[in-house]
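Asker: Structural data only, the sequence is not supplied:
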Ligand SMILES: Cc1cc2nc3c(=O)[nH]c(=O)nc-3n(C[C@H](O)[C@H](O)[C@H](O)COP(=O)(O)OP(=O)(O)OC[C@H]3O[C@@H](n4cnc5c(N)ncnc54)[C@H](O)[C@@H]3O)c2cc1C
């Protein structure tokens, strides 16, 4: 139920969720530790009508609200084909997310959303797809991977180029085999190996550099630290991937999630409303503008 709303009000609002600035309660049904300081929270709306009405596209995010702490934009990291079971993979960095880290199964959080643009799953059909992610940047790309696994015949060669600082920082490692079984090539690297690591060492752009692709039939989807995105764009452009085939998700600081407050403005764009997923040709003039 919406915070402070009557059941009928909540139901009415469920039909017109876009207009919402008030969050709805969702119960934590599961918590999965992914890495040091990062866990996935499985959430279920308390209101049954909202549960039925809710849906999201890969790449979208919710505003996660904790009374007394505030809100944080968090990507939806779960399967869009199961919208009643919402997954949020959260890194505990500040006010809201550290408070979330203290929650238990059965506790509730407020959710507003889904907001923002999505990965171009329709436009990418019939093409090779290169998914390139750094660290927790894999979270908003996981729904796209879920979608591709479900509709595998719709896409050509699919490759994940993923990196994290150390092997212990890699997310969703237990799912890699299932993705490989679905004919997704999974290439993983770490910045710093430990004694257990047998794989590649180096940053994600290095994987990209070594990767052979057919530029004109490839679509690149990428999320990660902005320095990584810059190199992914550089490598893609060096291989003649057209700007309108490169998609980036930008995770800059945001507040309202609705394009009102201007916190996440980048040139002519509000990242919360016109993004977070941008086609690179729309972003190109502003790409070098740093957040301050
Ligand atoms: C569209 C979008 C999707 C996101 N998805 C996820 C997700 O799936 N999982 C997740 O853990 N986080 C995600 N984030 C980042 C998350 O919203 C921020 O880290 C948020 O500030 C956390 O709130 P807080 O109150 O805990 O931290 P705060 O107290 O607000 O800030 C903590 C520290 O993080 C810095 N910071 C704030 N926002 C950002 C940012 N966007 N990028 C880098 N540093 C930042 C601040 O400057 C400060 O130093 C996403 C952000 C956006 C815009």
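Answerer: Received it, and whenever you're ready, just let me know what you need. Everything numeric here is computed off the predicted structure, so don't read it as measured data.

Asker: Mind telling me which residue of the stretch 101-250 of the chain is nearest the ligand?
Answerer: Nearest residue of the stretch 101-250 of the chain to the ligand (CB to the nearest ligand atom) works out as residue 139 at 4.1 Å. Any C-beta I mention is one placed from the backbone N, CA and C, and that applies to glycine too.

Asker: Verify the stated contact: that residue with residue 78.
Answerer: No: counting by CB atoms under 8 Å, residue 78 is not a contact partner of residue 139; they are 9.6 Å apart.

Asker: With neighbour numbers in mind, choose between these two.
Answerer: Taking other CB atoms under 10 Å, residue 139 and residue 78 do not tie; residue 139 has more neighbours (28 against 23).

Asker: State the distance from that one to residue 125.
Answerer: Separation of residue 139 from residue 125 (CB to CB, to the nearest Å): 23 Å.

Asker: With residue 47 instead?
Answerer: 34 Å.

Asker: between the two, who's got more neighbours?
Answerer: The residue with more neighbours, out of residue 47 and residue 125, is residue 47; 20 against 14, by other CB under 10 Å.

Asker: tell me the phi and psi of the more buried one?
Answerer: Note on residue 47: its backbone torsions stand at phi -80, psi 120 [degrees, to the nearest 10].

Asker: What residue in the stretch 51-200 of the chain comes nearest to the ligand?
Answerer: In the stretch 51-200 of the chain, the residue that lies nearest the ligand is residue 94 (2.1 Å; CB to the nearest ligand atom).

Asker: For residue 286, which non-adjacent residue is closest in space?
Answerer: residue 267 (3.5 Å; CB to CB, 6 or more residues apart in numbering).

Asker: Am I right that that neighbour is in contact with residue 282?
Answerer: No: if you go by CB under 8 Å, residue 267 and residue 282 don't touch, sitting 9.6 Å apart.

Asker: Looking at the two, which one has more neighbours?
Answerer: residue 282 (17 against 11).

Asker: Next one, pLDDT for that one please.
Answerer: pLDDT for residue 282: 85.

Asker: Checking my notes, it in a helix, right?
Answerer: Yes: checked against DSSP: H, G, I helix; E, B strand; the rest coil, residue 282 lies within a helix.

Asker: The chain should start at 56 in everything you say after this.
Answerer: In the new count, where the first residue is 56, that last one comes out as residue 337.

Asker: okay, and for the chain, where does confidence drop off?
Answerer: For the chain, applying pLDDT under 70 flags the ranges 56-75, 307-314, 316-317, 319, 327, 343-347.

Asker: who does the helix or strand hosting residue 129 pair up with?
Answerer: Here residue 129 sits within strand 125-130, counting by DSSP states H and E. Applying DSSP bridges, strand 125-130 is found paired with strand 116-121 (antiparallel).

Asker: which residues sit against stretch 331-342?
Answerer: Here stretch 331-342 makes contact (CB atoms under 8 Å, 6 or more residues apart in numbering) with 114, 116, 130, 171-175, 195, 285, 288, 298-299, 301-306, 321-324, 329.
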